[in-house]
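Participant: fold the following and give me the result.
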Amino acid sequence: MLIEEIMKKDVLTLSPTHTVQDALLIMRNERIRHLPILTDDDTLVGILSDRDLKGVVPSSFAEQNKAAAYETPLAEVMTKNPIVGHPMDFVEEAAVIFYDNKIGSLPIISNHKLVGIITETDLLYKYIELTGAHQPGSQIEIKVPNEPGILFEVSKVFYELKTNVLSILVYPDQENASNRILVIRINSMNPLHIINGLKDRGFDVLWPNFPGMNQ
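Facilitator: This next block holds a predicted model:
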């Protein structure tokens, strides 16, 4: 999946000469946490987060220099030369950038112009969508050997039992590198017949595996 498919395209921005007060008002009114900072020729020069503002706005108990803090230009507060992405980058690559750099947003640039923005919340929601966790269903975990064709063999069970698969994730087996863990979400609230079908065909079902189920 490409970034252009999930990025917000109608991006609110401010300039370096706007003030902390300007940023506070727009963030509060629009319920956003990140603002790209553009020059008059629409060049991205910084990114401002609510965390940046918290480091500048004085405590409600502090009286000295409170007015001066609110009038501080954003050029003095923003994160300069922010990390950026491109609309044709993969979402998975963006997730790595977020993790490695511990950032909360990624401005998206094309032809040297801001065309969108994605946030860590956008990535989290997309993960929820891709896993089908927002839909009613059940989750099944299966340990399988890491060999060609194994996913096809597992999928045949779901096909034969006429069960719709919402998502499949593949994880390494922490105990044995020659295995993989398949995490499969189906659109059935009662997975018992699927579990029994998998076990009948010799698959190692890790979850669910309650007492009384067929072994």
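Participant: every contact and neighbour count from this point should use C-alpha atoms.
Facilitator: OK.
Participant: how's this protein carved up into domains?
Facilitator: Following automatic domain parsing, one gets these domains for the chain: 3-127, 135-207.
Participant: if I look at Arg28, how far off is Leu35?
Facilitator: 12 Å (C-alpha to C-alpha, to the nearest Å).
Participant: neighbour count winner among those two?
Facilitator: Leu35 (23 against 11; other C-alpha atoms under 10 Å).
Participant: after the strand or helix carrying Leu106 comes which helix or strand?
Facilitator: Leu106 is part of strand 105-110, with elements assigned from DSSP states H and E. Next along the chain after strand 105-110, taking DSSP H and E as the criterion, comes strand 113-119.
Participant: need the helices for this structure, in chain order.
Facilitator: Ranges of helices within the chain are 20-30, 50-54, 66-70, 91-101, 120-131, 150-160, 192-200, based on DSSP state H.
Participant: export those helices to CSV and tack on mean pLDDT and distance to Pro82?
Facilitator: CSV is the format used below for the helices of the chain (pLDDT from 0 to 100; distance: least, C-alpha to C-alpha, whole Å):
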stretch, mean pLDDT, distance to Pro82
helix 20-30, 96, 18
helix 50-54, 92, 13
helix 66-70, 81, 23
helix 91-101, 95, 11
helix 120-131, 90, 15
helix 150-160, 96, 41
helix 192-200, 95, 49
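Participant: got these as JSON lines, with distance to Lys80 columns?
Facilitator: Output for those, formatted as JSON lines (distance: least, C-alpha to C-alpha, whole Å):
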{"stretch": "helix 20-30", "distance to Lys80": "16"}
{"stretch": "helix 50-54", "distance to Lys80": "12"}
{"stretch": "helix 66-70", "distance to Lys80": "19"}
{"stretch": "helix 91-101", "distance to Lys80": "14"}
{"stretch": "helix 120-131", "distance to Lys80": "19"}
{"stretch": "helix 150-160", "distance to Lys80": "46"}
{"stretch": "helix 192-200", "distance to Lys80": "53"}
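Participant: re earlier: so which elements touch the strand holding Leu106?
Facilitator: If contacts are counted by 3 or more C-alpha pairs under 8 Å, 6 or more residues apart in numbering; DSSP states H and E, strand 105-110 sits against strand 113-119.
Participant: which residues sit against stretch 168-188?
Facilitator: Outside stretch 168-188, the residues that touch it by C-alpha atoms under 8 Å, 6 or more residues apart in numbering are 131-133, 135-146, 163-167.
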